[in-house]
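**Student:** The amino acid sequence is not available; the structure is as follows:
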């Protein structure tokens, strides 16, 4: 009997809760976004620095000079933006620099693989020629 009474009270209660939930969600989201804008993107900067170092190690300066220069320039701009406390700009530049560095690394890897393939083909060709000379 008590359960039936509770059900009728709950069913008759006014439906103001969704509006309150929506307002709380909007307020919470804006606070989270405001909080993100005020924090320096140190983690992204570290990831980007690591990507630039990996690209340099892979030979990006030799095989993908344009992408490497772009990555390094954007990383420097991100550092300046962080110094000026323009954290959103710094985050965006650091992300762009990371992708430029990753592209440079992949291009360098592809160029090295292409060179290795050319060297292997040249070796096979030399072996064929040597085999033909020995056969005569």
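**Tutor:** Sure thing, it's come through. Small disclaimer: the values here were computed from a predicted structure and weren't measured.
**Student:** make it CA atoms for all contacts and neighbour counts henceforth
**Tutor:** Will do.
**Student:** Quick one: list the elements packing against the helix or strand hosting residue 88.
**Tutor:** Following DSSP states H and E, one finds residue 88 within helix 87-135. In terms of contacts (3 or more C-alpha pairs under 8 Å, 6 or more residues apart in numbering; DSSP states H and E), helix 87-135 is packed against helix 42-57, helix 60-63, helix 65-83.
**Student:** What average pLDDT does the last one get?
**Tutor:** For helix 65-83, the per-residue pLDDT values average out at 97.
**Student:** Check which residues of it are buried.
**Tutor:** Applying a neighbour-count criterion of 16 or more other C-alpha atoms under 10 Å, the buried positions in helix 65-83 are 65, 67-72, 74-79, 81-82.
**Student:** Among those residues, which one sits closest to residue 41?
**Tutor:** residue 82 (7.8 Å; C-alpha to C-alpha).
**Student:** Could you pull up the residues touching that closest one?
**Tutor:** Contacts for residue 82 were tallied using C-alpha atoms under 8 Å, 6 or more residues apart in numbering; they are 40, 41, 90.
**Student:** Of those, which is the most crowded?
**Tutor:** residue 90 (27 neighbours; other C-alpha atoms under 10 Å).
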